[in-house]
Every structure is written in C-alpha cells, then in structure tokens.
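Q: Structure, please.
(chains A and B)
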Amino acid sequence: MELVTEYIQFWQERFSTIMSYFGEHIFISLLSVFLGAIVAIPLGIYLSKTTNNTIQTIIFNVSNIFQTIPTIALLAVMIPLLGIGYTPAITALFLYSLLPILRNTYSGIKSINPEVIESAKGMGYSSLQRLWKIEIRLAFPYIMSGVRVTTVYIISWTTLAAVIGAGGLGGLILSGLGFNDKFYIFTGTFLALILALLTDLTLGKLEKKVAYK
Amino acid sequence: MIRLEKVKKVYDDGFQALKDINLEFKEGEINVLIGPSGCGKTTTMKLLNRLNEPTDGTVYINEKDISQMDPVELRRQTGYVIQHIGLFPHMSIAENVGAVPTLLKWDKDKIDKRVDELLNLVNLDPETYKTRFPSELSGGQQQRIGVIRALAAEPPVILMDEPFSALDPISREQLQDELLRLQKEINKTFVFVTHDIDEALKIADQIILMQGGEVVQKGKPSEVLSNPENDFVVDFIGKHRLEENRNSIPNVDEVMMEKPLTISSSESLTNAYESMKQHGVNSLVVVDRGELKGQVSIFDVIDVGVYENKLVKEVLKPFEQVVEIGTSLKVVLDLMEKNNAANIPVMNNNQFAGMVTRGSVVELLASVYANSQREGA
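A: Prediction:
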C-alpha cells in the first residue's frame, strides 16, 4: 500500500518531466515512421511497376541491410555522422522503418488481380487514375498493415534513442538505471508499452474503416 | 464499321501472332472470333482498343485510323468485358457500373439513372444490388454486371473476351440468351472472342474462324456449317454438328433470293418486257416502296400486247401465298407443292424481303449435297 502512495506521489512531483519525455517519444517515433512512409510508399509503388530488376534488387538489398544492423550500433554510428540529439535518432529510426513499409507496399500492389488492372486499362482509366482510384485503394490494407507494424516497433526502439541524447521515454529508463530508481524504470517502460498498444489499436481501427469489404 | 487492313503482329520473341489479317466487323452485329488457343483471336480483339498495337497494318473504326486516336479516349468509347470479369472489388455495384460515365464526368443524377436502367436491363433490382459489393454476388450476377458496365457509356462497339467461359453451363446459357435479347434492344457492334463453337453458333451473326494467326473462314453460322472451307474447319466444328445441320431443315432466310428483279406498278409494260428480256427471266416482282403488289409474267405481257400503252398495275397478278421471314423451308415447300407455285415471296414486317423460287431451292440442295463426298473420306 505504501508503495502505491509513494508511486502516486512520484507522479505528482514529476508529472511535467514525465510528460515532456512522453511527448519527445511520440514526436521521435511518429516523425520517423511518417518520413519512412513518405519515402517507402512511393518507392514501393515504383518498384512494383518498374521492369528494371537491377534497381529492384539494389533497393531491397540496401533496405535489408539497414534492417540487419543492431539498433544500438546504428544509433552509435550516427553520432560521428550527425552528432547527438533528435537528428541522428530520427535518421536511424527512419532507416529502420523503410523496409517493412516498402515490402508491404510492393506486395500490396503486386497482389492486385491482373484482371482488375486489365479491366481498368481497357475501360479507359489513365495510368494515374488507375493508380489512384484502383491500385492504391486495393493495396491499402497491405500498406496500412506495414505502417502499423513499423509504428509499433519503432515506438519500442525509440527508447534506445535516449542513449544518443534524443530524449524520450528511454531517458526515464536510463535515469532509473543511473539512480537505481525502480519508479523511473517502470514508468518509462509502462508508458512506452501503452503508447505502442494505443497506436496499434488506433491504426487498426483506421485500417478497418478505410479498407473495402 | 471496323476494318483491319493488312494487320500483322510479331511479338518481341519473334512469335508471329497475326499474319496479314484483312477483316471487317459488321456494324450492329455480333461478330464472333473463334479458334483454338494461340490462334490470335484475343490478339485481334485487343487491337481494337489498342491494348495491343499492330506491328504492321492499320485498324480503322468508321474509317478513322485508330493509331491516331488517344488510347484512353478510344477505350472510353469502347466497351470491354473480360473472362474473369474484373469488377473492382473495392467499389459498390453502382460505382462499378458507373465507372466509365464517372471517368467521362457525367453528372451524378445522370449516372444514377443510367445505373438503375442498366440493372433493370439484366433483371437485377437496383434497390437490392446497387449498394452491394462484387464479392456478395454470384458468378453469373457478377458477369451480368461486367456486361452492363461495358454498356454504361453507350459505346458503339463492345469487346468481349471469353466473357462467359468461366461460368457454369446453366449461367452461361442464360447469359447468352440475355446477350441475344439485349442485342435486339441496343443493336451494338459486338466483337466476341470464344473457343466454344456451340456458343459461337448460337450467338454469332458473323463467325470468324482463325488458326495460326490467319482467318480461315468467315460468314454466317449457317454458311460456315453448310460450307466448311477445309478439313480444319470440319474438325473444329465437329462432324456431329455438321451432320445435325445437314439433317435440320433450314428456314426461308437461307433459301430465298434476297434481290430478285422487281418493278414498280406504275412502270409501262414495255419497260417490264425489256427488263425481262435483258435479264433472261420470265417474271418480275411488283414492289412499290417495299410494299408487295404482285407479279407480272412474260405471258401476261404478251397476252395484252407488249407495245400496248398499258401500265404494269393493270396486268399484275397478286400472290396467293406469302410467308414471313423465319418460316421453315418445309412449310414453303408444302405450299409450292400444293399450289403448284413457281415462287413464293418472303415478307419481313409487311415489307418485301426476298423470294423463294424453285431455282433457289435447287441451289441450296446443290450446296449441301455437292460436298457430300468429302465427308465420306
């Protein structure tokens, strides 16, 4: 019982600090995914259309390589390149978000029944109309699930961004480790978890609402 | 009218899909392209909406070279139905049917009205089906939607690529019947690809039989059946169908002379006589603007006197019997026999359409039995 009151007191005293870490966390993770989506979705569409196999192989391999570098290593490599703070953290997480979104967009477009495409072409849809009114709509569930999965794990990886001074809930955990304070560690972990779950739920709802039956 | 002139198609790998195709698709008719797979029938059809470009030669639609037209515009003016339907799964039935009108920027009310009209045309209740999605419909219903979607913007030409082949036999029969019924109402030019000879014989006005990138034979189903060009055609159609056709009694449309010599009732006997002499016939059909009056024979003219100043209408003899188009030849032969008539006129909606004569009956017999040696081989 004492523990609960103490913990409540901890929250009351440090509420604004916790919230600012929380805010940083949301900012870093969502901006990374957003940038990733902006680059990877068009790129995925391009890759699904191009007949140039070399370009396809190169892009997939490069984004695969980013994926295989351990998170902490990639973050560390960013320091000599971009210093410390938001920029290196967001850059690293952005690189991680590329592959899953790219892959899902690519397979989403590729999964469309070729007969639907042929029909659309034969009916007189121009290439852009076909892309916008048919292909993207049909690939949407795939693209969306790529974004969703990516968001969830980028939120969890963002906790590591504190190591290179970007802040976020990882900051709380690191402080907890430093002061041997279980409240800090618990709060950081708990909030990161809640954020990931809520985001997943919201994106899932959105996906259901926009996708066709 | 659609015309292909010296069209060749060679694919990148060197495969010659079409070899010098010269072809006309008749306006307002169901033109069926048929042949074994790889014969070039689908390739030929796709030339018409430029999903395929010829390597050489020209395609004309209403005398316009379509390679000069914007392909997107051309396709919006050409209905297109494919084998696996290709409905857009994310759009409701109403949106699917209204797709081309939407592309053409019709206003919303007009599209809405058109969609209702089309759904009614294939006996699908608009209120029930408009808001549904393709996955909620049966295969036959989906293909009905596929067909009316192609008709939506009232294109003069509709291309169909084996549209019914993935359906079960019962739905297929129904859709064929519906297509024939529709065609009576809308009178469009259809280019229909199939590999099913029964389907072709049932729906075609013109059959175009292809093999190895060439047209082997074209004509009305009855012509192809009664006069197969070569052994390939015989094999493709199947001996049992040819046999059946031989045993079935044709109707008058196939027997009659479509353009016998006619004369108007207000002409002079002298002119009638001259015309008969010139063409070597002994009677003329008297027709005034499509309306059948009777006939005048050389004996009537001579009886009265060739150079008497008289008109045809004073000596013509009305026909005792006429038959409607579509009547079985059996009925006509019966009439000729009973009345000892040398010829019987055929009417189409009270308009004179043609004449069954003893000569035309003999011609038909010759065309069937003159070929009979081949089938013994």
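Q: Residue numbers of chain B in contact with chain A?
A: Residues of chain B that fall close to chain A, judged by Cβ under 8 Å from any Cβ of the partner chain: B:49, B:51, B:72-78, B:80, B:82-91, B:99-100, B:103, B:133, B:135, B:149-150, B:159. C-beta here means a position set from N, CA and C on the backbone, and glycine is covered the same way.
Q: The same query, at a cut-off of 6 Å, please.
A: On the criterion Cβ under 6 Å from any Cβ of the partner chain, chain A has as its neighbours in chain B the residues B:49, B:51, B:72, B:75-76, B:80, B:82, B:84, B:86, B:90, B:100, B:103, B:133.
Q: Mind picking the lowest-pLDDT entry from these?
A: Sorting these by pLDDT puts B:H84 at the bottom of the list (77).
Q: Is it in contact with A:E115, as I believe?
A: Yes. In this structure B:H84 lies within contact range of A:E115 using Cβ atoms under 6 Å: 4.3 Å.
Q: ok, the two, which is more surrounded?
A: B:H84 (20 against 14; other Cβ atoms under 10 Å in any protein chain shown).
Q: count of neighbours near the closest residue to chain A within the stretch 101-250 of chain B?
A: In the stretch 101-250 of chain B, no residue comes nearer to chain A than B:F133, which is 5.3 Å away by Cβ to the nearest Cβ. By other Cβ under 10 Å, the residues close to B:F133 number 17.
Q: and what of B:L151?
A: 21.
Q: what's the closest non-adjacent residue to it?
A: Spatial nearest neighbour of B:L151, chain neighbours left out: B:G79 (5.9 Å); criterion: Cβ to Cβ, 6 or more residues apart in numbering or on different chains.
Q: OK, contacts around that neighbour?
A: B:A150, B:L151, B:P155, B:I158 (Cβ atoms under 6 Å, 6 or more residues apart in numbering or on different chains).
Q: Recalculate using a threshold of 10 Å.
A: Taking Cβ atoms under 10 Å, 6 or more residues apart in numbering or on different chains, we find B:G79 in contact with A:122-123, B:49, B:100, B:146-160, B:188-191.
Q: hmm, back to that, any chance you could read off phi and psi for the residue of the stretch 101-250 of chain B closest to chain A?
A: According to degrees, to the nearest 10, the main-chain angles of B:F133 amount to phi -110, psi 160.
Q: how close does it get to A:S63?
A: 35 Å (Cβ to Cβ, to the nearest Å).
Q: one step back: so which of the residues of chain B next to chain A is the most crowded?
A: Busiest of the residues of chain B next to chain A [other Cβ under 10 Å] is B:Y80, holding 30 neighbours.
Q: I'd say B:P156 and B:T189 touch.
A: Yes. In this structure, B:P156 is within contact of B:T189 by Cβ atoms under 10 Å, at 6.1 Å.
Q: more neighbours, those two?
A: It is B:T189, of B:P156 and B:T189, that has more neighbours when counted by other Cβ under 10 Å, with 24 against 16.
Q: The more buried one bridge partners, please.
A: B:V157 (DSSP bridges).
Q: Tell me which residues touch it, please.
A: By Cβ under 10 Å, 6+ apart, the residues touching B:T189 are B:1-2, B:25-31, B:48, B:61, B:78-79, B:155-159, B:183, B:205.
Q: Just want the residue of chain A that's nearest chain B.
A: A:S119 (3.0 Å).
Q: Once you drop chain neighbours, what's closest to that residue?
A: In space, A:S119 is closest to B:G86, 3.0 Å off (Cβ to Cβ, 6+ apart).
Q: Tell me how many other residues surround the residue of chain A closest to chain B.
A: Residues within reach of A:S119, counting by other Cβ under 10 Å, total 25.
Q: and what of the one 10 residues further on?
A: Other residues near A:Q129 number 15, with proximity taken as other Cβ under 10 Å.
Q: Could you confirm it falls within a helix?
A: Yes. Looking at A:Q129 with DSSP: H, G, I helix; E, B strand; the rest coil, it is inside a helix.
Q: what's near enough to touch residue 138?
A: Just so you know, I chose chain A. Counting by Cβ under 10 Å, 6+ apart, the residues that A:L138 touches are A:G108, A:I109, A:S111, A:I112, A:N113, A:V116, A:I117, A:A211, A:Y212, B:F88, B:P89, B:H90.
Q: hmm, I had chain B in mind actually
A: B:R144, B:L167, B:D168, B:S171.
Q: distance of it from B:I145?
A: Distance, B:S138 to B:I145, by Cβ to Cβ: 11 Å.
Q: Give the residues shared as contacts by B:P156 and B:T189.
A: B:M1, B:I2, B:E27, B:G28, B:I61, B:T78, B:G79.
Q: In this structure B:G140 contacts B:S171, no?
A: Yes. Judged on Cβ under 10 Å, B:G140 makes contact with B:S171 at a distance of 3.5 Å.
Q: what do the two both touch?
A: What both B:G140 and B:S171 touch, as defined by Cβ under 10 Å, 6+ apart, is the set B:F164.
Q: for the chain, what's the longest helix?
A: The chain I'm using is chain A. helix A:2-49 (DSSP state H).
Q: Chain B was what I was after
A: helix B:169-186.
Q: give me the low-pLDDT residue ranges for chain A?
A: A:212-213 (pLDDT under 70).
Q: pLDDT score assigned to B:L269?
A: pLDDT recorded at B:L269 is 82.
Q: go on, B:D288?
A: So, for B:D288, pLDDT stands at 87.
Q: what is it paired to in the beta sheet?
A: Note on B:D288: beta-bridge partners B:E291, judged by DSSP bridges.
Q: who's in contact with it?
A: With Cβ under 10 Å, 6+ apart, B:D288 has these contacts: B:T262, B:I263, B:S264, B:S265, B:S266, B:K313, B:F352.
Q: Now do the nearest residue to the fourth one once chain neighbours are set aside, the pLDDT please.
A: The shortest distance from B:S265 to any residue other than its chain neighbours is 3.9 Å, reached at B:K313 (Cβ to Cβ, 6+ apart). At B:K313, the pLDDT value in this model is 82.
Q: Same check on the one 10 residues further on?
A: As predicted, B:V323 sits at a pLDDT of 86.
Q: Any idea how many residues pack against it?
A: Every residue meeting other Cβ under 10 Å relative to B:V323 is counted, giving 20.
Q: May I ask you to confirm that it is in contact with B:V332?
A: Yes. Here B:V323 reaches B:V332: they are 5.7 Å apart, a contact under Cβ under 10 Å.
Q: From B:D125, how far off is the residue of chain B at minimum distance from chain A?
A: Per Cβ to the nearest Cβ, B:G86 is where chain B lies closest to chain A, at 3.0 Å. Per Cβ to Cβ, B:G86 is found 24 Å from B:D125.
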